[in-house]
Each structure stands twice: as C-alpha cells, then as structure tokens.
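Visitor: predicted model and sequence below, questions to follow.
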Amino acid sequence: MAVLNVQNLTLSFGENVLFENVSFDIKEGEKAGLIGCNGAGKTSLFKIITGEYLPDSGNCFISKNTKTGYMQQHTCSDNNTVYGELVSVFSDLIDIEKELEAIHEKIENNNGDRMESINRQDELTEKYNRDGGLTYKSMTRSALIGLGFSEDDFDMPTSKLSGGQKSKLILAKLLLSKADFLLLDEPTNHLDIKAVEWLEGFLKDFKGACLIISHDRYFLDKITEKTIEIENKKCRCYTGNYSQFLVKKEAEQKAIEEKYENDMKEIHRLEGIIEQQRQWNREKNIKTAESKEKVIDRIKAQLVVPDSKIERIRFDFTPKFVSGQEVLNVVNLSKSFGEKRIFENASFNIRQGERVFLLGDNGCGKTTLLKILMQDYSADGGNFKFGSNVLCGYFDQVQAKLDLEKSVIDEVWSQFPAMTETSVRSALAAFLFKGDEVYKILKDCSGGERARVALLKLMLGRFNFLLLDEPTNHLDSFSREELEQTLLNYTGTMLIVSHDRYFINKLATRILELTENGVNEYLGNYDEYIEKKENIKNNSLPDKASAPKKPNEYKLRKERQSAVRKAKTRLVKCEEEIEAVENEISETEEKLTCADYEELMRLTVLLEEKTKLRDSLYSEWEILSEELTQEEI
C-alpha cells in the first residue's frame, strides 16, 4: 500500500517551470532518495507534499492513516534545556506519568472512589507501556548522544546552541515524533561522520517510509532502495540506491541516444526518397511519397528525444610544474586556544601524487591544522616544512578570504590581473556564471555561488599541492562527480578535510585521523579505514571469562585469501615501481658524467632521493615476498 501517491504534478514560478507531470509513489516501509541538481525543485516538491505550496496541476495524496514528519515543521524553543526540548516529543507519556502519580497519591491517602482509581490506574499503565513509556527516556538519551551531545550538554539552554546543534536537535525531535512517513531535506547537513552513522543506523531500523533529499551519496547508498530523479523538468524513478541508479541511468540514456540517432537517420533517408519521388511527379511516385510520409509520422510519434545534458562546472586543476617527491613534513605540531588543548604531537609526511584525507571528530582541529599550514594561525609547538617546488593552493570552507563587497568578476580578475576580460568571463562561464551574473555582488550570492568563485580562483592558480577544506559543501551530486573525476586525474598532491564519505572512498590513497594526542595513519580509502578501525577495536576487547567462541573458519579463510590477493597485487606493483626507479637512477648516473657544477649538485640530490625510494621499495618487496612465502607453506 502506498503512503504517498504523486500524480502529474506541475509547478512553475512565473514563466519559470520547475517541473511538469511528476508522478511517483512511496510504499509502506520504502526508503527513497530524491535527487537532482541545485534548483531542480526538490524542496518545492516537499512543500507541495506538506501542503505549503499548491501545484499548477496534478495531485498529491497521503494515506489517511499516515502520520507525516517534515524536518522544517519541527522547530526548536529558546527557553528550554537540550534534554527538556527533546523529551517534550513524548509529552503524552509525561502527562500519563503525572496522572499516575496523582492516582497513586489518591489511593495511598484513601481519597475518592478506590476502585475507580485502580481501574483508571490499570488503564493508564497499559497505555503507558504500550506507547513506549518504559523506553522513551533511554531513547531520548540515546538520540542525543548519537547526534553528538554529551551528558554535560543535556542541561544546556537551547538559546546557547549553535545553528548546527539546533539542526541536530530538530532532527532528533523529528525522528522521535512517532511519524511513520519522514520527509528529510538534507538531514546530514551539520552532522559529523559519527552522527551521520548514528542516523543511518536509526533509519535502517525505522519501520516507516522515508523520502530523502540529500547530496550525501554514501548516505543514500546505505539507506535508500529507490531513487527518484528530477532532471530537465521531468521525473524518473529507478529501483535501487544511488550507485545502482547511476549504472541504470547511463545504460538507459545510451539506449535512448542510439535509438534517437537511428530514427533520425531513417527519417532523413525517407525524406530523401520523398523528395526524389516528388521530382518524378507520377501518380505511382506520389503514392510512394505519401506512404513514406506516413512512415515518418509514425516514427516521429514514438520518437524520444534524449535529455539535453545538464550544464555542469568544468574543472581543470593542471599544475604549473611538478613538485619534488617530499611535499610536506609535519613534526609534533600542537595547538591550544586558551586552556583548551586542540591537539598535540601531530606528525605526518606527504609525498608527491598522494591523495591524503584528514579525518576526525568535529572540533578536533582539522581546519585549524590546515590554517597553521597556510600560516593563518601559528602553532604552539612543533614545526612543518614544505618540499622543493611546492606551490600551495587553499580552499577555505567558509570562503573567509573572499571580498564580499566585490562583484564575481572583480573578485577573480583582481587576483589574476594579467588575464583579459574575455578570458575571465570564459572561465566564469565554465563555472556557470553567465551574462549579467558575473556582476553579481558576492554578499548577495548563495553559499554555493561563493564556493564556485573560490574553486575557480583555486583552479586558475594552477597549484601543485591542494589543501581543501570541505570542497564538496554546497555542490550538488553532479558537480561533486565532476570534481571527483577532475581530482582523480590531477597530477599534483592533495590534503583534504571532508565529511563526504563517497568522495573520500573514491579519491583517498591514505587517511590521517587527527586526535587530541596525535595522528593515526591508515592506508586505503574510507571503507578500508573503517574495516581496519573495527579490527583494531575487536582485537583490543578484553577476553570474556566464558569459553572462547569457535572461530569462523570460513570468514578467516576469506580474509586470508583477500589479504593474499592484495599482497600479490602490491608485489607486482612494487616490481614495476622498482624497475621504473632503476631506469631513472641509470639515466641520472649517465647525466652525471657530462654535467657542470650546478647541474651536478642538482643531479646528486635527485640521485639520493631516487636511491632512497628504491631502497624503501626493495624493503617493502622483501616483506611482501616473505608474507606470501609463509602463506604458501
């Protein structure tokens, strides 16, 4: 049975048609993602469902037995505590508790009709237990802790909460509101990774239906089983999560384009025959021409024109020149603000070509560390050093260095005055600023528009080391994919702070986890990072007094097989890298024989770097070979 049925909805604002003939349904217990580029009308569609907007045409039906929860409908009071605000969702249970206390007191004091009081007590107790009276306090506490509130925050006045904390509290109220159909508009905004993982767990266990607008593709993959896309003012539904949708859409669009091209070729061929037959102008030829025109009409009647490609940002971060192999070396950095220690003993190094992600809880100092590297902040202790020929570009998630009084074109042109107006406008057009939009004042721009300006300035700098702080914030899913693909092909080096797990998974070669006491290092992408952390956690659990469980031999065998495959793959890669480095060493040694003094010094340093790299590769090769030999014994 459908909890929501949308039929042929059309919505426009003036002459601007957002979407037309949108139809889909959401069944009981179904969790669907609603996606589309910024401005496609996703939030407006939510407002039609809740009755805030009226469509130009079409209908929207919600099952009469369905209780709908919409995040924007839930507000946060400014005269309550954090715990009191959330527990107010269970006001009916709190009222029952108060009445039960009053009845208990009446019975104890022999006031009123005793049997009537006992019957009322039994009735209320049954309702209290049935509606969750025994668990609502633990659910309230669990929701607050899951969304990042500590026990010390429970008594904090809601008036002192930040915007992000209020959003978390509003989300928690919605999730505990007993709604069986949730409308969630960007629910992961302002949440760190731990809070998003808690939300995923909650929604997986949630028995009701959900319709979710989100640019968090990893979140959609985890939660949704249906994907509804609004594109080019039309709506399409796909079975499966976001990743499955991408595969199905690509195949569908390819088939539509191929059929369209074939149909158009056939139409052109038939038009040529018609023209030829009309030139001959005999009765038989005229009948043939009329027959072919009918065929063309039939083809055109069923012709499906492919969607015009959505205009997307065109990135190109090609660096001016290549840096040295050692890009950044950080040793024992520490930082405090007043008496609050943010982190200490932060040490790591980054080599040329690496895509390194810096992760950690909210407030652990990730942005602070980047600002130290860019010398916006000074460190309390430790030091860092950039390698030779390193040219740093920094993307600030709040775009603090943009001059909000300038126009879009002046902000870019002032940093790159050697560019012509035509070249600046062409660059802005690639970032979707066209016509008079280039004269828009930055203070009047949205967060997404400012992010595009900051990314364009970063691109034009042609840096070989990018420090990116939440670069996918304010970008829709399609722009994120363009950025990902560009960064995958980028030949420079990256250090990135991000909560976008899909983005991390696709790009990361190494993950640095920043903690209060230093940095933990993990090779691989986000999924591998989580797997390794889970293994560490499981290995550190104390042994139970009871008899140990029998190991899962099948799982262990699969893990060993996986480890062997990875080791063999890395061994082959090591051998290829050793051969390449050996060739480079030989070429460098040949150049030494005919080099002048300055060239000799440069080549000597280069030879030393290559030799160290070769030695480290040989060491890795020996370790892998030994592991594989032991596995085969």
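Guide: Nice, thanks for sending it over. Numbering: from 1, shown residues only.
Visitor: need the contact list for Thr533.
Guide: Careful, residue 533 is Lys; it's not Thr. By C-beta atoms under 8 Å, 6 or more residues apart in numbering, Lys533 lies in contact with Tyr522. (C-beta placed from N, C-alpha, C; glycine too.)
Visitor: what is the three-state secondary structure of it?
Guide: Put simply, Lys533 is helix when judged by DSSP: H, G, I helix; E, B strand; the rest coil.
Visitor: now do it against Glu513, distance only.
Guide: 8 Å (C-beta to C-beta, to the nearest Å).
Visitor: hey, what's in contact with both of those two?
Guide: Here Lys533 and Glu513 have Tyr522 as joint contacts, going by C-beta under 8 Å, 6+ apart.
Visitor: list the buried residues for the stretch of helix or strand Val6 belongs to?
Guide: Using DSSP states H and E, Val6 falls within strand 2-13. Neighbour-count burial for strand 2-13, counted by 16 or more other C-beta atoms under 10 Å, picks out Ala2, Val3, Leu4, Val6, Leu9, Leu11.
Visitor: and the residue lying closest to Met1 once chain neighbours are set aside, how many residues sit next to it?
Guide: What sits nearest to Met1 in space, not counting adjacent residues and going by C-beta to C-beta, 6 or more residues apart in numbering, is Glu28, at 5.5 Å. Glu28 sits with 15 neighbouring residues when counted by other C-beta atoms under 10 Å.
Visitor: gap between Glu28 and Ser407?
Guide: 52 Å.
Visitor: how about Tyr260?
Guide: According to C-beta to C-beta, Tyr260 and Ser407 sit 41 Å apart.
Visitor: which one's more surrounded, those two?
Guide: Ser407 (17 against 14).
Visitor: residues contacting Pro306?
Guide: Gln253, Ile256, Glu257, Tyr260 are the contacts of Pro306 under C-beta under 8 Å, 6+ apart.
Visitor: what's the pLDDT at it?
Guide: pLDDT for Pro306: 72.
Visitor: which element, helix or strand, includes it?
Guide: Using DSSP H and E, no helix or strand contains Pro306.
Visitor: do you know how far it is from Lys234?
Guide: For Pro306, the distance to Lys234 equals 12 Å [C-beta to C-beta].
Visitor: please report phi then psi for Leu182.
Guide: For Leu182, the backbone dihedrals (degrees, to the nearest 10) come out as phi -100, psi 130.
Visitor: spit out the contact partners of it.
Guide: By C-beta under 8 Å, 6+ apart, the contact list for Leu182 reads Thr68, Gly69, Tyr70, Leu174, Leu175, Phe206, Gly208, Ala209, Cys210, Leu211, Ile212.
Visitor: okay, and which of these map to strands?
Guide: Thr68, Gly69, Tyr70, Ala209, Cys210, Leu211, Ile212 (DSSP state E).
Visitor: just to revisit the earlier point, quick check: PyMOL command selecting the buried ones in the contacts of Leu182.
Guide: Buried residues within the contacts of Leu182, by 16+ other C-beta under 10 Å, are selected in PyMOL with:
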select buried, resi 68+69+70+174+175+206+208+209+210+211+212
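Visitor: any chance of the contacts of Leu182 in TSV, with pLDDT too?
Guide: Compiled in TSV, the contacts of Leu182 are given as follows (pLDDT from 0 to 100):
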residue	pLDDT
Thr68	90
Gly69	86
Tyr70	86
Leu174	83
Leu175	80
Phe206	87
Gly208	91
Ala209	94
Cys210	94
Leu211	95
Ile212	94
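Visitor: tabulate the contacts of Leu182 (TSV), appending distance to Leu220.
Guide: Shown next, in TSV, are these (distance: C-beta to C-beta, whole Å):
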residue	distance to Leu220
Thr68	21
Gly69	19
Tyr70	19
Leu174	18
Leu175	18
Phe206	15
Gly208	18
Ala209	15
Cys210	11
Leu211	12
Ile212	7
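Visitor: from the contacts of Leu182, pick the one nearest Asn538.
Guide: Phe206 (27.3 Å; C-beta to C-beta).
Visitor: phi and psi next, for the closest one.
Guide: Backbone phi and psi, for Phe206 under degrees, to the nearest 10, turn out to be phi -70, psi 130.
Visitor: also Arg314?
Guide: Torsion angles, degrees, to the nearest 10, at Arg314: phi -110, psi 110.
Visitor: spit out the contact partners of the closest residue to it other than its chain neighbours.
Guide: Leaving aside its chain neighbours, Arg314 sits nearest to Ala430 (4.3 Å; criterion: C-beta to C-beta, 6+ apart). The contact partners of Ala430, taken as C-beta under 8 Å, 6+ apart, are Ile313, Arg314, Leu456.
Visitor: I'd like those as TSV, with neighbour count appended.
Guide: Converted to TSV, those look like this (neighbours: other C-beta atoms under 10 Å):
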residue	neighbour count
Ile313	19
Arg314	13
Leu456	23
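Visitor: related to what we said a few turns ago, tell me the one among the buried residues of strand 2-13 nearest to Lys287.
Guide: Closest to Lys287, out of all of the buried residues of strand 2-13 and judged by C-beta to C-beta, is Leu9, at 46.6 Å.
Visitor: check the gap between Leu369 and Ile496 for me.
Guide: Leu369 sits 12 Å away from Ile496, going by C-beta to C-beta.
Visitor: what sits in contact with each of these two?
Guide: Common neighbours of Leu369 and Ile496 (C-beta under 8 Å, 6+ apart) are Leu358.
Visitor: give me the more crowded residue out of these two.
Guide: Applying other C-beta under 10 Å to Leu369 and Ile496 shows that Leu369 carries more neighbours, namely 29 against 25.
Visitor: sticking with that one, tell me its helix or strand.
Guide: Using DSSP H and E, Leu369 sits in helix 366-373.
Visitor: which residues touch the next helix or strand after that helix?
Guide: Following helix 366-373 in sequence order, the next helix or strand is strand 381-386 (DSSP H and E). With contact meaning C-beta under 8 Å, 6+ apart, strand 381-386 is reached by 327-334, 344-347, 372-373, 392, 465.
Visitor: just checking: what are the partner strands of strand 381-386?
Guide: Strands that pair with strand 381-386, judged by DSSP bridges, come out as strand 326-337 (antiparallel).
Visitor: next, the buried residues of the strand it pairs with.
Guide: For strand 326-337, the neighbour count (16+ other C-beta under 10 Å) marks Glu326, Val327, Leu328, Val330, Leu333, Ser334, Lys335 as buried.
Visitor: separation between the second one and Asp444?
Guide: This points to Val327. According to C-beta to C-beta, Val327 stands 38 Å off from Asp444.
Visitor: ditto for the last one
Guide: Spatial separation of Lys335 from Asp444 under the definition C-beta to C-beta is 35 Å.
Visitor: same check on the third one?
Guide: The spacing between Leu328 and Asp444, counted by C-beta to C-beta, is 37 Å.
Visitor: wait, which of the contacts of strand 381-386 is closest to Phe416?
Guide: Cys392 (16.8 Å).
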